[in-house]
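**Student:** Structure, please.
(chains A, B and C)
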Amino acid sequence: MKKSLFLSVAAILGLTAGVAAAGTLDDTIARGHVKCGVSTGSPGFSGVDDSGKNVGFDVDYCRALASAIFNDPMAVKFTPLSSSVRFTALASGEVDILARNTTWTYSRDTDLKQTFLGVTYYDGQGFMVKTALGANSTLDLDGATICIQVGTTTELNLADYFKANDMSYEPLPTADNSESKQQYMADACDAYTTDASALHGTRINMEVPGDHMVLPEIVSKEPLGPLVRHGDDQWADIGRWVLNALVIAEEKGITAANIDSFADTKDAEIHRLLGTGDDNMMAMMGMPKAGMYNAIKHVGNYGEIFERNLGASSGINIERGVNNSWTNGGILYSPPFR
Amino acid sequence: MSSGKLPVERFRLGMLLGDTRYRSTTVQVIAFIIFVAVVFWLVDNTVKNLALLGKDVDFSFLWMRAGYDINQRLIPYTNDSTHGRAALVGILNTLLVAFIGCIIATIIGVFVGILRLSKNWIVAKLMAVYIEGFRNIPVLLWIVMIFALLTEFTPAPKAFRGANPEASMIWFESTAITNRGTYFPSPIWGDGSIYLILTFLISLIAIFFFRRYAKALQEETGKGLPKFWISFGLLLIPSILIYFFLGAPVTLEYPYLKGFNFKDGIYIRNSLIALTLALSLYTSAFIGEIVRSGILAISKGQTEAASSLGLRPGRIMSLIILPQALRVIVPPMISNYLNLTKNSSLAIAVGYMDVRGTLGGITLNQTGRELEAMLLLMGFYLCVSLLVSAIINYFNRSFQIKGL
Amino acid sequence: MANISFVREKSIPQLPPPISESNTIGWVRKNLFSNWLSTLLTILSLYFVYICLRDFIPWAYGGIWSAGSLRECLDTNPDVACFSVIGARWKQLLFGFYPSEEYWRPILTFILLFVSVTPIFSQRFAKYFWFSLIYPGIAIWLLWGGSIWPVCSIYLTFVFSGLGFYIAKNQFKLSSGMSLMVAIISLIVFYLFIANPFVALFGYILPINLVVVESSQFGGFLLSMIVGFSGIAASFPIGVLLALGRQSDLPLVKMICVGFIEFIRGVPLITLLFVASVLLNYFLPPGTSFDIIVRVIIMVTIFSAAYMAEVIRGGLAALPVGQHEASAALGLSYWQSQRLIIMPQALKISIPGIVNTFIGLFKDTTLVSIISLLDPVGLASLIRADQKWNGIYWELYVAIGLMFFVCCFGMSQYSQYLERKLKTDNS
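**Tutor:** Below is the predicted model of the structure:
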């Protein structure tokens, strides 16, 4: 607050009219924490527990990034963003990276001038209805009222899907997940549509999960991933490769608990990744040598993050499915760390 | 005595500020320079920032396909229509809410204001509780609470189904109140209904001329005609006669339950009802206070003089007090209408697609054109408010007591 | 014949009024049942009140305050209110995410707020106005923490420039305009060259620090109050200048002021808040970026400055023209007459209007929840997203509504009291 007060007076006196194109990494290091945008409350992906601490799948990704840069998983400032302001918050510099279960699409990559860093979760759009409705597939939903969050790809997909199948529907726009759930529970809408992962999370937290079912059709591809602004390739590389490191760690069997036992492994890629060898690959990105080591040690590998937030121990209990390493039947495949 | 011209002062620079002949010009020039400098600085920063992000200022998104559906619309719109058409749908929705809200707010507000002044203690206190309760709680909270009330306490459409339904349609099986909205029967205009409408319009004009005639007659000769009953008859009797004569050209189409929702009929969504109700009740509290203070502003001598002339209390209010109070009441009331229109921008809290929800919400999000969309949005609201301010000024000028 | 005339010598003591006219029964007859319409209205109102309270009182009175989650509440008794959500989260609703061991700071700030407002509204304590002036600095330091010296240096900047003005005017006998120029130059000089060394030096000699609290940790009622109060306080000088500008005879200044006021009053606050969250960064030099809260306060200040200008303009208009003419006859310059004669009276008249503007602004702070700031309404959504309280609705909104009602009703009663006091003062 003090700094911004001085900065504002300086700005008014027009002293900083120069074009400041400093890199985001330098700004972040100077600031001492990463500015991460997350969602206002999506079960499993981002939320706040009773003690006020941020928890979730996207939250853990940002913590891994902070550990890689600062060796401190708490050096992150989370900004909860609703779906309607998330892109503008990133564009305006309010956050430096958006880890907010955002779908990677063509128009977002180009028209919005933002860059996606990879896919943290391969999702799809689904529909949730009450079991008592007796519907077996989405084709039974002609004429239904459907709760939909505004400003999302699900809105556009819904319109396209119903038009392609010659069905009509009545949209009930809501601002976020908890409001949609409220309307759905009060029977103001017959079905609720959003990413299937959020549907599963919401369903588990219902009073009687058996009263609700997720319909079998997945009507779109929703690859969710973090994104940054155009124009800073170094920052994009850092974010991309922290994600890849978490995937490689699971592929190699490295967990937060056993990471130190890999100090004398014969696998050269692990040495390059953890910085335990002679090569300092991380310097190519301007990062500390033990960056990935710190990330995995503080937060765990991809599988551990998944299990903690979306797996059986979290209560949401989503199957790994395609979100598994390619060696395990999934499609998570990272380029080699060489 | 020395004759000759007065010494002419040489022009010094300090006189620019010190001498009152030049000071006003100097100050204005300085103000102008500062103003232009600030505007230039802002525009320059914006251009630089946009260039840095690789964006440009481009209004062509208005002609691109929107891709999303809008539930409440007054004009035809599909998800193939353009963003510009979506903005138009939003504007019409805003005007709809504002119009209906203002009418309901005025009716309730005047009622509340007059009752607040009643001699009955309990009625006056109840109205005071109403006014203070609505005025002191933020309008966003009211909108959300009334929407929740409507959603929780009305049945779902499926409750209307089955052999022993929990809920049933009211008013001779014609209207259904559900937690998604209310379905009214809609009129079907058959052949000859145009004559019915013409007859109705003609009877309205006839009422207007009759009242003018009756008033002139009363002022000239003092004879009073039963204006109310004759107007009432003129309103109804010709239309009813023509209706039966033409063989009932207008029929009603009743909503019926099919699938998930009711079909046919006029569908008014809960979001519209909740928003209109919340805004009207909130604004009616302010209007009630304005009406009350307007009536209290009329000096008591007027009431006393009127009753000493033998007028009944109802006639005192309508002939003496209200016309004078209107001059004091109408300007703040119109500015409350403006507030209602501006408060309607909170519609997104209940999922109603007004102009801020379409243009300033979904369109802004999907296309990423924040600057352009916000400029258009603020331009719209500015037009509406400047129009209303002009009306207030016109009213003030035309109602001023000349010569005071 | 005996004398049967009677002359009363003492007056009979007054009899009490008949029962049906006096005390309670008389009052009831007069106010509630005076004619058939009134009787009908009374009966209808009583019935209406009964229906409203019949369901509400048992629901609220038997509320459960100590359950751990919504499910527990419903298991115990589904027909009563589950106020445990308030019991569990009242600290979050009041203070947001402020660290709990530092709660004494917002509470102290709040108490000092009342202390600092008293000199403005009450004649007796007017001589403590200096405290009202230094209060903003104290409040900023208490709420955001950090070292005390940056705040001190800002105050010293103004003192320094004021000194510059004074010396230029009195020692060197420069005109007002030139002294103002000197003051501005000394402000810039102090800020650029002396401020930072001063802060560093004193920070080294005498470190007085409080734990730093980030703006993102503010939430709930604390956030509403900060935005509301700082908006009003900062908009006051701007509003006065705008009002004077609108009244002035200089056409250009008048045009600029009118244009600005009409523009701000014509757009809804939500669009201005959207500008704050989305567009304000574009209008500032590339690379600067502030907290969202500072941006919101800037836009709220601009918004309330326009309304404040209208209220003060009303106050200025209510002043008799004779005051302007008399001060001109005394030979006072424009700024002197404003400072000594016009403004004190105009401000006193417009105080109720200013308090009303503040009440409106305070209610409008709930709109920041639409741009995802965590004021009480925004916090309600966040609390509902928690697993334990998913599905709870009424209890939260009733509690928030009640808090707002208490604050706003209190302020409006105070403004009515002020109005009554000022009426008797002036007339």
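**Student:** And for residue 41, the neighbour number?
**Tutor:** You didn't say which chain, so I picked chain A. 21 (other Cβ atoms under 10 Å in any protein chain shown). From N, CA and C alone the C-beta is placed, and that goes for glycine too.
**Student:** other chain: chain C
**Tutor:** With other Cβ under 10 Å as criterion, residue C:41 counts 19.
**Student:** Just want the most central residue of chain B.
**Tutor:** residue B:98 (3.2 Å; Cα atoms, centre = their mean).
**Student:** how about the nearest residue to that residue, chain neighbours excluded?
**Tutor:** residue B:341 (4.2 Å; Cβ to Cβ, 6 or more residues apart in numbering or on different chains).
**Student:** Please name every helix or strand in contact with the helix or strand hosting the residue nearest to the centre of chain B.
**Tutor:** Element membership of residue B:98, judged by DSSP states H and E, is helix B:83-116. On a contact count with 3 or more Cβ pairs under 8 Å, 6 or more residues apart in numbering or on different chains; DSSP states H and E, helix B:83-116 meets helix B:121-135, helix B:270-297, helix B:322-343, helix B:355-357.
**Student:** For residue A:98, list each beta-bridge partner.
**Tutor:** Beta bridges link residue A:98 to residue A:37, residue A:227, judged by DSSP bridges.
**Student:** Report how many residues lie close to whichever residue of the stretch 201-338 of chain A sits closest to chain C.
**Tutor:** Proximity of the stretch 201-338 of chain A to chain C (Cβ to the nearest Cβ) peaks at residue A:205, 5.5 Å away. By the other Cβ under 10 Å criterion, the neighbourhood of residue A:205 contains 19 residues.
**Student:** What of residue C:4?
**Tutor:** 5.
**Student:** So it versus residue B:69, what's the distance?
**Tutor:** As judged by Cβ to Cβ, to the nearest Å, residue C:4 and residue B:69 stand 104 Å apart.
**Student:** and residue B:183, what element?
**Tutor:** Secondary structure (DSSP H and E) places residue B:183 in strand B:181-184.
**Student:** what's next to that strand, contact-wise?
**Tutor:** B:174-176, B:255, B:262, B:265-270, B:272-273 (Cβ atoms under 8 Å, 6 or more residues apart in numbering or on different chains).
**Student:** Just the mean pLDDT for that strand, thanks.
**Tutor:** Per-residue pLDDT values over strand B:181-184 give a mean of 85.
**Student:** Kindly report the same for stretch A:116-128.
**Tutor:** Computed over stretch A:116-128, the mean pLDDT rounds to 91.
**Student:** what residues are up against the residue nearest to residue C:167 when sequence neighbours are not counted?
**Tutor:** Among residues not flanking residue C:167 along the chain, residue C:182 sits closest, at 7.9 Å (Cβ to Cβ, 6+ apart). Residue C:182 makes contacts with C:164-165, C:167-168, C:174, as judged by Cβ under 8 Å, 6+ apart.
**Student:** Spell out which helix or strand contains residue C:182, please.
**Tutor:** Counting by DSSP H and E, residue C:182 is part of helix C:176-189.
**Student:** Isn't the residue of the stretch 201-338 of chain A closest to chain C up against residue C:390?
**Tutor:** Yes: taking contacts as Cβ atoms under 8 Å, residue A:205 lies within contact range of residue C:390: 5.9 Å.
**Student:** distance between the helix or strand that contains residue B:195 and the chain's centre?
**Tutor:** Using DSSP H and E, residue B:195 maps to helix B:193-221. Centroid separation for helix B:193-221 versus its chain: 28 Å, with Cα atoms, centre = their mean, to the nearest Å.
**Student:** Now do the buried residues in it.
**Tutor:** B:193, B:196, B:199, B:203, B:207, B:211, B:214 (16 or more other Cβ atoms under 10 Å in any protein chain shown).
**Student:** who are the neighbours in contact with the last one?
**Tutor:** I take that to be residue B:214. By Cβ under 8 Å, 6+ apart, the contact set of residue B:214 is B:224-225, B:227, B:230.
**Student:** Closest residue of the stretch 151-300 of chain A to chain C?
**Tutor:** For the stretch 151-300 of chain A, Cβ to the nearest Cβ, closest residue to chain C: residue A:178, 4.4 Å.
**Student:** tell me the secondary structure for that residue?
**Tutor:** Put simply, residue A:178 is helix when judged by DSSP: H, G, I helix; E, B strand; the rest coil.
**Student:** how near is residue A:297 to chain B?
**Tutor:** Separation of residue A:297 from chain B (Cβ to the nearest Cβ, to the nearest Å) stands at 36 Å.
**Student:** picking that back up, show the contacting residues for the residue nearest to the centre of chain B.
**Tutor:** Residues near residue B:98 by Cβ under 8 Å, 6+ apart: B:337, B:340-341, B:344.
**Student:** which residue packs closest to residue 292, ignoring adjacent ones?
**Tutor:** I went with chain A, as the question did not name one. residue A:245 (4.3 Å).
**Student:** hmm, I had chain B in mind actually
**Tutor:** Using Cβ to Cβ, 6+ apart, the nearest residue to residue B:292 is residue B:113, at 4.5 Å.
**Student:** My read is that that neighbour contacts residue B:286, right?
**Tutor:** No: with contact defined as Cβ under 8 Å, residue B:113 does not count as touching residue B:286 (10.0 Å).
**Student:** out of the two, which sits in the busier spot?
**Tutor:** Ranked by neighbour count (other Cβ under 10 Å), residue B:113 and residue B:286 place residue B:113 first, with 25 against 20.
**Student:** out of everything not next to it in sequence, what's closest to residue A:155?
**Tutor:** residue B:68 (5.0 Å).
**Student:** Please report the confidence value the model assigns to that neighbour.
**Tutor:** pLDDT, read off for residue B:68, is 86.
**Student:** and if you look at residue A:11?
**Tutor:** 41.
**Student:** just for chain A, where's the confidence low?
**Tutor:** Across chain A, the ranges flagged by pLDDT under 70 are A:1-22.
**Student:** list the helices and strands the longest helix seen in it packs on?
**Tutor:** Criterion DSSP state H: the longest helix present in chain A is helix A:233-252. Here helix A:233-252 touches helix A:24-31, helix A:57-70, strand A:221-229, helix A:268-274, helix A:291-299, helix A:302-310, going by 3+ Cβ pairs under 8 Å, 6+ apart.
**Student:** again, only this time at 6 Å
**Tutor:** Identification of packing neighbours for helix A:233-252 by 3 or more Cβ pairs under 6 Å, 6 or more residues apart in numbering or on different chains; DSSP states H and E yields helix A:24-31, helix A:57-70, strand A:221-229, helix A:291-299, helix A:302-310.
**Student:** Just want the phi and psi numbers for residue B:264.
**Tutor:** Dihedral angles of residue B:264 (phi, psi; degrees, to the nearest 10) stand at phi 60, psi -180.
**Student:** I'd like to know how many residues surround the spatially closest residue to residue B:127 that is not a sequence neighbour.
**Tutor:** Leaving aside its sequence neighbours, residue B:127 sits nearest to residue B:116 (Cβ to Cβ, 6+ apart; 4.2 Å). If you count neighbours by other Cβ under 10 Å, residue B:116 ends up with 20.
**Student:** Quick one: residues contacting residue B:116.
**Tutor:** Taking Cβ atoms under 6 Å, 6 or more residues apart in numbering or on different chains, we find residue B:116 in contact with B:124, B:127, B:292.
**Student:** Name the residues of chain A found near chain B, please.
**Tutor:** Residues of chain A lying close to chain B by Cβ under 6 Å from any Cβ of the partner chain are A:84, A:88, A:111-113, A:143-145, A:150-151, A:155-156, A:159, A:170-174, A:186-188, A:190, A:230.
**Student:** now the residue of the stretch 201-350 of chain B found nearest chain C, nearest residue through space, not along the chain?
**Tutor:** Nearest to chain C, among the residues of the stretch 201-350 of chain B, is residue B:342, at 3.9 Å (Cβ to the nearest Cβ). Nearest non-adjacent residue to residue B:342, counting by Cβ to Cβ, 6+ apart: residue C:268, 3.9 Å away.
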